[in-house]
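Student: Next one to model:
(one chain, ligands or ions: 2)
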Amino acid sequence: VECVTAAITPVAVIKSASECGRFGERVMTDLFGDTEPVGPEREQLAPGAVVLHGRALAVQVDLLAAVDAVAAAAPFRRMLTPGGFRMSVAMTNCGAAGWVTDRKGYRYAPTDPETGKPWPAMPAAFLDLAAAAAAEAGFPGFEPDACLINRYEPGARLSLHQDRDERDTGHPIVSVSLGLPATFQFGGPKRSDPVRKVALRHGDVVVWGGPSRLFFHGVLTLKDGEHPATGRTRINLTLRKAL
Ligand code: MD6
Ligand code: FE
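Tutor: Ligands and ions are numbered 1, 2, ... in the order given. Modelled structure (predicted):
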């Protein structure tokens, strides 16, 4: 069984039977093989937290080019936690401040400890998407000054944590997922609170602020796979107003 998308696309996209049909599934849409939501585009995760499914797809090429440019100047590295563990997620930053961790603790730093130079400037594509997504989620006027870029390879995970190193947690965080899908988990204000799981796919944007801004959250171990845009990796951008 086959189905074909509407004839407005220059190349008809043939879908397998498993990719078309029931409401709520995701279907192939373009030559990059991206998925686009056919169910609700907005998914409320918690008070103040919303997923804008597929919101970054239109600018994915600009975002990924900017990630490459940032990483050329400030390479991805696996940082040390204050407890002495090497993180499985590799990180870099751009903007006026970058999130770092070492034996001394977690903090925002104006320079890259590996190079001694300021972090690369915030790419316009990051700023524009973050401001637009935040406004759509009810947080107008968001002007991030820091972007933490996380790179997951299969096996990498991020254990439950709170984002509380920003000066004013009255500002939201905008999170952009690119590449391989991951299971995001988030709980409540206490580490022991039960967690809810949500799939974050290529192009999904989460805007998170307000009453759940300090809730615990994490990313389950990345499953192996290959994504047309990123290969065997997941990239996550978290845009913050840190200073
Ligand atoms: C990630 N994200 O998705 C990790 N934090 O790779 C986060 O830790 C996160 O997505 C605060 C707000 C949104 C996030
Ligand atoms: Fe976080």
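Student: Now do the same contact list for residue 71.
Tutor: By C-beta atoms under 8 Å, 6 or more residues apart in numbering, the contact list for residue 71 reads 92, 149. Every residue, glycine included, has its C-beta placed from N, CA and C.
Student: and with 10 Å instead?
Tutor: Residues in contact with residue 71 (C-beta atoms under 10 Å, 6 or more residues apart in numbering) are 77, 90, 92, 94, 120, 149, 151, 235.
Student: Just give me the closest of the residues you listed to residue 173.
Tutor: Nearest to residue 173 out of these is residue 149 (C-beta to C-beta; 13.5 Å).
Student: returning to what we had before: now rank the contacts of residue 71 by neighbours and give me the top one.
Tutor: Using other C-beta atoms under 10 Å as the neighbour test, these are led by residue 94, with 27 neighbours.
Student: hang on, the earlier thing: take the contacts of residue 71 and write them to TSV, including secondary structure and distance to ligand 1.
Tutor: Formatted as TSV, the contacts of residue 71 follow (DSSP: H, G, I helix; E, B strand; the rest coil; distance: C-beta to the nearest ligand atom, whole Å):
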residue	secondary structure	distance to ligand 1
77	strand	16
90	strand	11
92	strand	13
94	strand	16
120	coil	20
149	strand	10
151	strand	9
235	strand	9
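Student: Can I get stretch 52-59 in CSV? Just the C-alpha atoms.
Tutor: Extracted in CSV, the C-alpha atoms of stretch 52-59 (Å, rounded to 0.1, in the frame of the first residue of the first chain):
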residue,chain,number,x,y,z
LEU,A,52,6.5,23.4,19.4
HIS,A,53,6.8,20.3,17.2
GLY,A,54,8.8,20.8,14.0
ARG,A,55,9.3,24.6,14.7
ALA,A,56,13.0,24.6,13.7
LEU,A,57,12.7,22.5,10.5
ALA,A,58,12.5,25.5,8.2
VAL,A,59,15.9,26.9,9.5
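Student: Tell me if that stretch is near ligand 1.
Tutor: No: applying C-beta under 6 Å from any ligand atom, one finds stretch 52-59 separated from ligand 1 by no less than 12.6 Å.
Student: re the thing from before, could I get the contacts of residue 71 as JSON lines with pLDDT?
Tutor: Below are the contacts of residue 71 laid out as JSON lines (pLDDT from 0 to 100):
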{"residue": "77", "pLDDT": "98"}
{"residue": "90", "pLDDT": "98"}
{"residue": "92", "pLDDT": "98"}
{"residue": "94", "pLDDT": "98"}
{"residue": "120", "pLDDT": "98"}
{"residue": "149", "pLDDT": "98"}
{"residue": "151", "pLDDT": "98"}
{"residue": "235", "pLDDT": "98"}
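Student: Who is the closest residue to residue 144 other than its chain neighbours paired with across the strands?
Tutor: Distances taken as C-beta to C-beta, 6 or more residues apart in numbering put residue 239 closest to residue 144, at 3.9 Å, once the chain neighbours are dropped. Taking DSSP bridges as the rule, residue 239 bridges to residue 147, residue 174.
Student: list the contacts for residue 239?
Tutor: Neighbouring residues of residue 239 by C-beta under 10 Å, 6+ apart: 94-95, 122, 126-127, 129-131, 133-134, 142-149, 171-176, 205, 207.
Student: The residue lying closest to residue 96 once chain neighbours are set aside and ligand 1, how far apart?
Tutor: Leaving aside its chain neighbours, residue 96 sits nearest to residue 145 (4.5 Å; criterion: C-beta to C-beta, 6+ apart). Residue 145 sits 16 Å away from ligand 1, going by C-beta to the nearest ligand atom, to the nearest Å.
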